[in-house]
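Q: this is a predicted model, with the sequence first.
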Amino acid sequence: MTTVPPVGTQQPNTNNDTSKTNGPGVDYQTFLKLLVAQMKNQDPTQPMDATQQVTQLAQFSSVEQAVQTNTKLDQLLASSSLQQADGIIGRTVTSADGKISGVVESVRIYNDGMIATLKGGATLPITAGIVVS
């Protein structure tokens, strides 16, 4: 059996650190730095309105929740991919065009999909249109 590479763009979050996300945009730490910098550099003669401060804290909370949601979704997708891979091992698959067919020996999972290795060494991407029997 082959080793399955990590699924998704993040490693499992084992230390409950939600401070980093992948992809474009502002992550949790950047948002914190911006908020602190803004508070440090505000005009002392015209401090931030309490309403504005509460609004920013609510935004901060929303960013934190979004990061946690993305982490949970990545874990759910990884679990789903593993279940799908397990479900086709030992079964016969046929490509959409019918040119490649065989019994699945192992499955490699990647960020953008799965590739089944068939008995005999042929490989088949698991995409829409394949037949599993």
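A: Looks like it came in fine.
Q: show residues contacting stretch 90-97.
A: With Cβ atoms under 8 Å, 6 or more residues apart in numbering as the test, stretch 90-97 has contacts from 100-104, 116, 118, 124, 126-133. Heads up, the C-betas are built off the backbone N, CA and C, glycines and all.
Q: write the ChimeraX selection for whichever of those are buried.
A: This is the ChimeraX syntax for the buried subset of the contacts of stretch 90-97, where burial follows 16 or more other Cβ atoms under 10 Å:
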select :100,102,104,116,118,124,126,130
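Q: and the helices in this protein?
A: Secondary structure of the chain, counting by DSSP state H: helices at 28-40, 50-88.
Q: among these, which is nearest residue 109?
A: Closest approach to residue 109 among the helices of the chain (Cβ to Cβ): helix 50-88, 5.0 Å.
Q: report the mean per-residue pLDDT for that closest one.
A: Helix 50-88 shows a mean pLDDT of 84 in the predicted model.
Q: any idea of the angle it forms with helix 28-40?
A: Angle of helix 50-88 versus helix 28-40, following axes from the mean of the first three to the mean of the last three Cα atoms, to 10 degrees, is 180 degrees.
Q: how about helix 50-88: buried residues?
A: Neighbour counts over helix 50-88 (16+ other Cβ under 10 Å) mark 56, 63, 67, 70, 71, 74, 78, 81, 85, 88 as buried.
Q: chain center to it: distance?
A: Its chain's C-alpha centre and that of helix 50-88 lie 9 Å apart, by Cα atoms, centre = their mean, to the nearest Å.
Q: no more questions from me, cheers.
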